[in-house]
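In: pasting a predicted model and its sequence here:
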Amino acid sequence: MSLAAVAQITSTSNILKNAKICKDLIAEAASKGAKCVFFPEASDYIAHNSSEALELSRHPDCSAFVKQICAEAKQHSIYVQIGVHEPSSFENKLLNSSLLIVPDKGIVQRYNKAHLFDVDIANGPVLKESNSTVPGNAILPPFETPLGKVGSAICFDLRFPEHALKLRNMGADIITYPSAFTQKTGAAHWEVLLRARALDAQSYIFAAAQGGSHNEKRASYGHAMIVDPWGTTIAQYSDLASPNGLIFANIELNLVEHVRKFIPLLRRNDLYPVI
Ligand SMILES: O=C(O)CNC(=O)[C@H](CS)NC(=O)CCC(=O)C(=O)O
């Protein structure tokens, strides 16, 4: 049994302030005995517009933000997963990435968001992530951590059960959805999607979240969550808490094994494709 910490933060376009918030939470997670701490999508910054987002992006190998996070992870001997923007090989386009940082090794995995959020909702948000971002082209093998094998997805990937099933089939015990959900879609869909993915994949789900107001034009739903493989929400960030903080849960890999044994989900691949 090991302790996991999942963060909720309110990133702005001030990278240094965002780094300070994350570093303080890394220190707090470690001091409370967590083995790994998980941060949301776009922890490095949430920009006012896509040109500012492009301007602020740095390759992880030369990002002051990432350097500080790696140093803090090392100092406190704690694994860190964190969402950042990185430049892509396409002109004027970013990658939306989730980095896995191991205390003594630095960045060991960089997952790039595969499904981009292009929506136009009546009386709701209009967001075209593909204006500024290119999609990633790979689902990466789950990475061994002190909590179990962690499979990476990001935010809007949550709406694609195939992605979660693929990660489970690749060996994931835990699937992570670092997110910045909109308030409208979050209120309607966030918890039910996370619990559904836990049940589909019979895995723990960690959903670190951006919450609150980033700037005058943009706010996120928050409600960072940890769901167990039985579909129970075992931790959820409270709206009443401060803008930046942590939720914790003890992770028991036995539960993953038991749920998969109690309810075997044997596929009918004569009726639909293997994922
Ligand atoms: O813009 C950045 O810098 C970081 N990226 C995001 O916040 C992304 C793209 S706009 N947000 C989502 O995917 C929300 C998904 C969502 O809300 C849903 O599926 O309902």
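Out: Yep, that arrived.
In: hmm, residue 239 is touching residue 221, no?
Out: No - using Cβ atoms under 8 Å, residue 239 is not in contact with residue 221; the gap is 9.8 Å. Backbone N, C-alpha and C define where each C-beta goes, glycine included.
In: quick one, what contacts the nearest residue to residue 82 once chain neighbours are set aside?
Out: Spatial nearest neighbour of residue 82, chain neighbours left out: residue 39 (4.2 Å); criterion: Cβ to Cβ, 6 or more residues apart in numbering. Residue 39 makes contact with 7, 9, 22, 25, 80-83, 178, 208, according to Cβ atoms under 8 Å, 6 or more residues apart in numbering.
In: measure residue 39 to residue 196 for me?
Out: Distance of residue 39 to residue 196, computed by Cβ to Cβ, to the nearest Å: 23 Å.
In: all helices of this protein, in order?
Out: Under the criterion DSSP state H, the chain contains helices at 15-31, 50-56, 64-75, 161-169, 183-201, 253-262.
In: between those, which gets the lowest average pLDDT?
Out: The minimum mean pLDDT among these belongs to helix 50-56 (a mean of 94).
In: quick one: contacts of it?
Out: Applying Cβ under 8 Å, 6+ apart, the contact partners of helix 50-56 are 13, 15, 44-45, 47, 85, 87, 92-94, 131-132.
In: filter the residues you listed down to just the buried residues.
Out: With burial judged by 16 or more other Cβ atoms under 10 Å, the buried subset of the contacts of helix 50-56 is 13, 15, 44-45, 47, 85, 93-94, 132.
In: between which two of the residues you listed is the distance greatest?
Out: 15 and 93 (19.7 Å; Cβ to Cβ).
In: can you give me the neighbour number for the closest residue to residue 228 other than its chain neighbours?
Out: Spatial nearest neighbour of residue 228, chain neighbours left out: residue 234 (5.1 Å); criterion: Cβ to Cβ, 6+ apart. Look at residue 234: counted by other Cβ atoms under 10 Å, it has 16 neighbours.
In: quick check, residue 234 in contact with residue 248.
Out: No - Residue 234 lies out of contact with residue 248 (Cβ under 8 Å); the separation is 9.6 Å.
In: many thanks, we can stop here.
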